[in-house]
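Colleague: here are the coordinates; sequence isn't available:
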């Protein structure tokens, strides 16, 4: 539950000029507005699971988009039930949204690609919680090779430029190689990845899938002294989140979803850092950039 | 929709040691917490109508009460639909609340007493809006006469004291009046009243019912220049709210539910005050006390 100025879960992912909202707890639209995010650039909303702290802000956000005259389709991804919840509320408010909602049903317990664009994919991560719950793994696709501007011949055509970026050599009509790709290009920029894992009990089953992820967000509801409570409620401790980051060989760990029992979060961060030093707190309004 | 730090509708009424919440827009639980209100003293929640800005914070509030180990019954008052909305959400979150929800169905278009306690009543005010919508009229019952401590005889019994407070004279066994009530008591303190009218088109039909109310909250979504928009959306202008306050001979007017198109509210207040000078803005976190 919300406590000490901390709001329920929601994260906005900017990837390749797309804005994707993950979870939408109560107050998300106010927070987006407070931090200057443009609601209208959001075309996809992923809901990890149907506990209130992960979706109760959704209807308010939809109504605000409606009142702001949105007409662009909005894609919603959720486990079974969200459709019925939305329809029930629209029915009694006698409202129809000005834009189309396109519902995508997540499959419990299955890894599946739910979004596949030119530049990136998103796949679900089966998590272990009291109800069906999925995390989300964002992966940029391989990027174009970068042209070495100092070496590129002046008479090169746009078509040849495109094939260089795609990794091909420059050949003449007979197929003879004029330039090796490596002579004229640098390696592509790194394809970045981000995994969102909340809510979940400690579950090593996700490690294989998220191996080498650049940024891992993993819930850390409890301190280690409340380990039993974590097991009982199917949440994780900060140490457990750090252990997953270590085993997955993640570059960076972000912890969040802290219990309302903790006013200060330093101790949670301290426990996680003891296991995985490159850990940060997911704090309201903070941005985290993955460098290319 | 929320704008410029203004949250959707919710008001907390303290009356005779009871705390009653009227409407519960998104973020209400955070605002209650911010302003130091104790959720656990709320035993009745009235929802005027099922537009999102008046109830989308309810589920979050219920879950927080649950997580805070509430066990006391909670009474909810709403037009048809709230029950189904709550049940749908509890079903998919696989949750059962620790406390009992007692649902009271409001009757569209009818004045009816929905709460009748020892010290006050609440009756619905039929409003005119796009969907079934009721306002709420709080009235304190006649209070006990106040004992004049300087005149009260020393040998008076507790029973006699009680009958004095209830307005009776002191009589001896034969029925002979020993003291007239007026000799030993002052008139009771004033029975105060408060009317909550939101959302509604301008509707003089409510005047008879709220005549002489001490404090009137009336929605004022628009400035006068948007009068046509008010008619179309079945909302009121600030001037219309002030006109209702004047016709109802209210002592004080509180306006709220301002459109997100207004960053500053001074002009709305100015327009209302031109018609009804004793007007105030319903601003986040402000308290209004009705003197006895």
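Modeller: Received the coordinates, thanks. Being a predicted model, the structure only gives us computed values, none of them experimental.
Colleague: buried set for stretch A:39-54?
Modeller: For stretch A:39-54, a neighbour-count test (16 or more other C-beta atoms under 10 Å in any protein chain shown) marks A:39, A:42, A:44-54 as buried. C-beta here means a position set from N, CA and C on the backbone, and glycine is covered the same way.
Colleague: equivalent analysis for stretch A:177-191, please.
Modeller: So for stretch A:177-191, counting by 16+ other C-beta under 10 Å, buried means A:179, A:181, A:184-185, A:188.
Colleague: what's in contact with it?
Modeller: With C-beta atoms under 8 Å, 6 or more residues apart in numbering or on different chains as the test, stretch A:177-191 has contacts from A:139-148, A:151-153, A:164-165, A:167-172, A:291-292.
Colleague: cool, stretch A:55-68 as well?
Modeller: Counting by C-beta under 8 Å, 6+ apart, A:8, A:10, A:23-29, A:32, A:39-40, A:45, A:47, A:74, A:76, A:78, A:82, A:86, A:89, A:95, A:97-99, A:101, B:1-2, B:8, B:26, B:52-53, B:56, B:59-60, B:260 sit against stretch A:55-68.
Colleague: which SSE is the residue in chain A sticking out farthest from the centre in?
Modeller: Computed with C-alpha atoms, centre = their mean, the residue of chain A farthest from its C-alpha average is residue A:174, at 47.1 Å. Taking DSSP states H and E as the definition, one finds residue A:174 inside no helix or strand.
Colleague: again with residue A:263
Modeller: Remark: residue A:263 resides in no helix or strand, with elements defined by DSSP H and E.
Colleague: now it: closest residue in space, sequence neighbours ignored.
Modeller: Spatial nearest neighbour of residue A:263, excluding adjacent residues (C-beta to C-beta, 6 or more residues apart in numbering or on different chains): residue A:4 at 5.5 Å.
Colleague: one more: residue A:98?
Modeller: residue A:66 (5.3 Å).
Colleague: contact partners for whatever residue of the stretch 151-292 of chain A ends up closest to chain B?
Modeller: Closest residue of the stretch 151-292 of chain A to chain B, C-beta to the nearest C-beta: residue A:260 (7.4 Å). With contact set as C-beta under 8 Å, 6+ apart, residue A:260 has these partners: A:1-4, B:67.
Colleague: ok, residue A:5 next?
Modeller: Applying C-beta under 8 Å, 6+ apart to residue A:5 gives the contacts residue A:284.
Colleague: so which residues on chain A come close to chain B?
Modeller: A:1-3, A:7-8, A:26-27, A:29-30, A:33, A:50-53, A:56-57, A:59-60, A:63-64, A:67-68, A:79-82, A:84-85, A:88-89, A:91-95, A:130-131, A:260 (C-beta under 8 Å from any C-beta of the partner chain).
Colleague: residue contacts, the closest residue to residue A:163 other than its chain neighbours?
Modeller: When the adjacent residues along the chain are set aside, residue A:163 lies closest to residue A:170, with 7.4 Å between them (C-beta to C-beta, 6+ apart). Going by C-beta under 8 Å, 6+ apart, residue A:170 touches A:156, A:160, A:163-164, A:177-179, A:181, A:184.
Colleague: just those residues: which are in strands?
Modeller: In strands, judged by DSSP state E, the following of the contacts of residue A:170 are found: A:177-179.
Colleague: show the buried residues in the contacts of stretch A:55-68.
Modeller: A:8, A:10, A:23-29, A:32, A:39, A:45, A:47, A:74, A:76, A:78, A:82, A:86, A:89, A:95, A:101, B:1-2, B:8, B:26, B:52-53, B:56, B:59-60.
Colleague: for residue A:137, give me its contacts.
Modeller: With C-beta under 8 Å, 6+ apart, residue A:137 has these contacts: A:122-125, A:193-196, A:209-210, A:213.
Colleague: can you tell me how far it is from residue B:149?
Modeller: Here residue A:137 is placed at a distance of 76 Å from residue B:149 (C-beta to C-beta, to the nearest Å).
Colleague: for residue A:214, same thing?
Modeller: For residue A:214, the distance to residue B:149 equals 77 Å [C-beta to C-beta].
Colleague: same question, residue A:159
Modeller: Between residue A:159 and residue B:149 the computed distance is 102 Å (C-beta to C-beta).
Colleague: ok, now residue A:151?
Modeller: Distance of residue A:151 to residue B:149, given as C-beta to C-beta: 102 Å.
Colleague: neighbour count for those two, which is higher?
Modeller: residue A:151 (10 against 7; other C-beta atoms under 10 Å in any protein chain shown).
Colleague: next up, the contacts around the more buried one.
Modeller: Residue A:151 touches A:183-184, counting by C-beta under 8 Å, 6+ apart.
Colleague: do the one 10 residues further on as well
Modeller: Taking C-beta under 8 Å, 6+ apart as the definition of contact, the neighbours of residue A:161 are A:147, A:152.
Colleague: do residue A:138 as well
Modeller: Shown in contact with residue A:138 (C-beta under 8 Å, 6+ apart): A:13, A:15, A:20, A:120-122, A:193-195.
Colleague: residue contacts, the spatially closest residue to residue A:198 that is not a sequence neighbour?
Modeller: Sequence neighbours aside, residue A:219 is the residue nearest to residue A:198 in space, at 3.9 Å (criterion: C-beta to C-beta, 6+ apart). Residue A:219 sits next to A:197-200, A:235-236, A:241, A:255-257 when contact means C-beta under 8 Å, 6+ apart.
Colleague: repeat that for residue A:265.
Modeller: When the contact criterion is C-beta under 8 Å, 6+ apart, the partners of residue A:265 are A:258, A:281, A:283.
Colleague: was I right to think residue A:212 contacts residue A:252?
Modeller: No. The pair residue A:212 and residue A:252 does not pass the contact test of C-beta atoms under 8 Å, sitting 11.9 Å apart.
Colleague: so for the two, which residue has more residues nearby?
Modeller: Per other C-beta under 10 Å, whichever of residue A:212 and residue A:252 has more neighbours is residue A:252, with 17 against 9.
Colleague: pick out the residue of the stretch 101-250 of chain A closest to chain B.
Modeller: Using C-beta to the nearest C-beta, the closest approach of the stretch 101-250 of chain A to chain B is made by residue A:131 at 4.9 Å.
Colleague: not counting sequence-adjacent ones, nearest residue to that residue?
Modeller: residue B:94 (4.9 Å).
Colleague: and that neighbour, what pLDDT?
Modeller: At residue B:94, the pLDDT value in this model is 93.
Colleague: how about it, secondary structure?
Modeller: Three-state secondary structure (criterion: DSSP: H, G, I helix; E, B strand; the rest coil) places residue B:94 in coil.
Colleague: likewise residue A:12?
Modeller: Using three-state DSSP, the structure places residue A:12 in strand.
Colleague: and it, how far is that from residue A:183?
Modeller: 41 Å.
Colleague: and residue A:104, what are its bridge partners?
Modeller: For residue A:104, the beta-bridge partners are residue A:77 (DSSP bridges).
Colleague: quick one: residues contacting it.
Modeller: Neighbouring residues of residue A:104 by C-beta under 8 Å, 6+ apart: A:75-78, A:114.
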